[in-house]
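# Okay, sequence plus prediction incoming.
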Amino acid sequence: MKKVLVITYYWPPAGGPGVQRWLKFVTYLEEFGITPVLYVPANAKYPLLDPTMIREVPSDITIYKYNISEPLQWARGLFKKKAERISSGIISESKPGWMESLLLWIRGNFFIPDARVLWVKPSVRFLEEKIASEEIDTLVTTGPPHSMHLIGLRLKERSGINWVADFRDPWTSIGYHDKLKLGPVARRKHKELEAAVLKGADKVLVTSRTTKREFESITSRPVVVVTNGYEESAYSGQPVALDDAFTITHTGSLLSGRNPEALWRALQEMVAENELFRKAFRLRLAGVVSHEVQASMDRHGLLPFLEEMEYQTHDETVQLQRQSQVLLLIETDSLETEGILPGKLFEYLAAQRPVLAVGPGSWEAGAIIRETGAGSVFDYDSGAGIRKQLLEWFELYSKGGLKTASRGIEKYGRRAITRQLAKELVWE
């Protein structure tokens, strides 16, 4: 068996999509001749918690832990709510107040590439001996946070170990970078570190073709697409009873930029003009919602139809997806987000419910939805098209016949994705 050391910040009891990718990978890697060894923080303060994920950690896996110092924890003592919202990714689209501006400026200019950078040096010292004693064949770092890749870079420089850098999201082109109030020195440093990692790793993994093209313009190292996926067992078994109401459900965070006014306007018009729709319609949001999105829904008169839920465990989220009439997928309308393939996309496919997607014009997620026949995709100016599609689905719902059958999604199953990954972790 080949041994692979995986360095990740997100690990159970962390919740959210960041933890699921490698939790699922390590569950299946042994089937393909690879023994994973984990390195995670011992005392991380995660913005989202899902204790149910702990039971999914393989009982026989070796996990090394080391304490981490996180500056945002200091800020929480003074500015609790602002620090927590920044930590969870909620950054205001409108002009932030002085407190939030200060926190963003400190975060962006003093902690490069991110607030976990203080973990790099102690982790390198701790892991050098572990790599030797465990006879590790390959090192994997997964980010964000991209400080994980700096650990890999230092270990590669010291030992020459085979190193794979896994990017769940881009680095300098990610949408929120412009909101961190980076000065010219900080911007240059991010670019330098990104290039050092991409050129220093033996192989780079990404989750989308868009990010692959971006990184191939920076490095000559192999860049391989390994998407996220869905857990087959979570969507098998007995059928789930659908909601009685005409539920349109979004799971996960609705950040400030994910605010399609055309959708809210279409729903406002349908509520005003169609009594049957008004009686049946529910807009369910399961996860963190920014103030800007809430205010936009309020302006369009949607609050009486809104069902807001706190963060759900992964099992609860799967249940919501499977029982909903329509699933809502939203991405910020920008060039930087065209390559974003959220983890819930693949779960939506597996849930076999119609997907209404609103995002940038050349959105890679939209192409997958069209390819699999999972739903309909619109840009931010397509209010008439959104309304027409929702009316068609509502008519089918009223007759008890609203369903979909996503095709060709088996390649996105976690086991199939792990089989592909395993081939990228072995050197002859």
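Structure received. Nothing here was measured: the structure is a model prediction, and the numbers come from that model.
# Point out where the chain drops to low pLDDT.
72-102, 105, 175-179, 428 (pLDDT under 70).
# Where is the longest strand in it?
strand 34-41 (DSSP state E).
# Just after it, pick out the following helix or strand.
Using DSSP states H and E, the helix or strand that follows strand 34-41 in sequence is strand 62-66.
# just to revisit the earlier point, the longest strand of the chain versus strand 62-66: what angle between them?
Here strand 34-41 runs at an angle of 20 degrees relative to strand 62-66 (axes from the mean of the first three to the mean of the last three C-alpha atoms, to 10 degrees).
# In its sheet, which strands sit next to strand 34-41, and in what direction?
If you go by DSSP bridges, strand 34-41 pairs up with strand 2-7 (parallel), strand 62-66 (parallel).
# Which residues outside the shortest one are in contact with it?
Same thing as strand 62-66. Residues from elsewhere that reach strand 62-66 (C-beta atoms under 8 Å, 6 or more residues apart in numbering): 11, 37-42, 57, 119, 122-123, 126-127, 130, 134. The way it works is simple: take the backbone N, C-alpha and C, and place the C-beta from them, glycine included.
# what's the closest of the residues you listed to Gly361?
Nearest to Gly361 among the contacts of strand 62-66, counting by C-beta to C-beta, is Trp11 at 36.2 Å.
# The nearest residue to that closest one once chain neighbours are set aside: what's it in contact with?
Setting aside the residues directly before and after it, Trp11 is nearest to Val40 in space (C-beta to C-beta, 6 or more residues apart in numbering), at 4.1 Å. The contact partners of Val40, by C-beta under 8 Å, 6+ apart, come to Thr8, Tyr9, Trp11, Ile63, Tyr64, Lys65.
# count of residues packed around the last one?
Put plainly, it is Lys65. Residues within reach of Lys65, counting by other C-beta atoms under 10 Å, total 14.
# do the second one as well
Neighbour count of Tyr9, defined by other C-beta under 10 Å: 25.
# I'd say it and Ala115 touch.
No. Using C-beta atoms under 8 Å, Tyr9 is not in contact with Ala115; the gap is 10.3 Å.
# which residues do those two both contact?
Pro145.
# Please state the backbone phi and psi of Asp137?
phi -90, psi -40 (degrees, to the nearest 10).
# coming back round to it: who does the residue nearest to Trp11 bridge with?
When assigned by DSSP bridges, Val40 has beta-bridge partners Lys65.
# any idea how far it lies from Pro304?
44 Å (C-beta to C-beta, to the nearest Å).
# Helices along the stretch 201-350 of the chain, start to end?
Applying DSSP state H, counting those that start in this stretch to the stretch 201-350 of the chain gives helices spanning 209-216, 261-273, 275-280, 291-299, 314-323, 343-351.
# tell me the angle the fifth one makes with helix 343-351.
Here the directions of helix 314-323 and helix 343-351 differ by 50 degrees (the same axes, to 10 degrees).
# what's the answer for the first one, then?
What separates the directions of helix 209-216 and helix 343-351 is an angle of 150 degrees, with the same axes, to 10 degrees.
# For helix 209-216, list the C-alpha coordinates in CSV.
What follows is helix 209-216, C-alpha atoms only, in CSV (Å, rounded to 0.1, in the frame of the first residue of the first chain):
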residue,chain,number,x,y,z
ARG,A,209,-11.8,23.3,-16.2
THR,A,210,-11.8,27.1,-15.8
THR,A,211,-9.4,26.9,-12.9
LYS,A,212,-7.3,24.4,-14.9
ARG,A,213,-6.9,26.9,-17.7
GLU,A,214,-6.0,29.7,-15.3
PHE,A,215,-3.3,27.7,-13.5
GLU,A,216,-1.9,26.3,-16.7
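# outside of that helix, which residues touch it?
If you take C-beta under 8 Å, 6+ apart as the criterion, helix 209-216 is touched by Phe167, Pro170, Ser173, Leu198, Val204, Val206, Val223, Val224, Val225, Glu338, Gly339, Glu364.
# cutoff 6 Å now
Applying C-beta atoms under 6 Å, 6 or more residues apart in numbering, the external contacts of helix 209-216 come out as Pro170, Leu198, Val204, Val206, Val223, Val225, Glu338, Gly339, Glu364.
# JSON lines please, covering the contacts of Val40 and showing distance to Glu261.
Output for the contacts of Val40, formatted as JSON lines (distance: C-beta to C-beta, whole Å):
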{"residue": "Thr8", "distance to Glu261": "37"}
{"residue": "Tyr9", "distance to Glu261": "35"}
{"residue": "Trp11", "distance to Glu261": "38"}
{"residue": "Ile63", "distance to Glu261": "46"}
{"residue": "Tyr64", "distance to Glu261": "48"}
{"residue": "Lys65", "distance to Glu261": "45"}
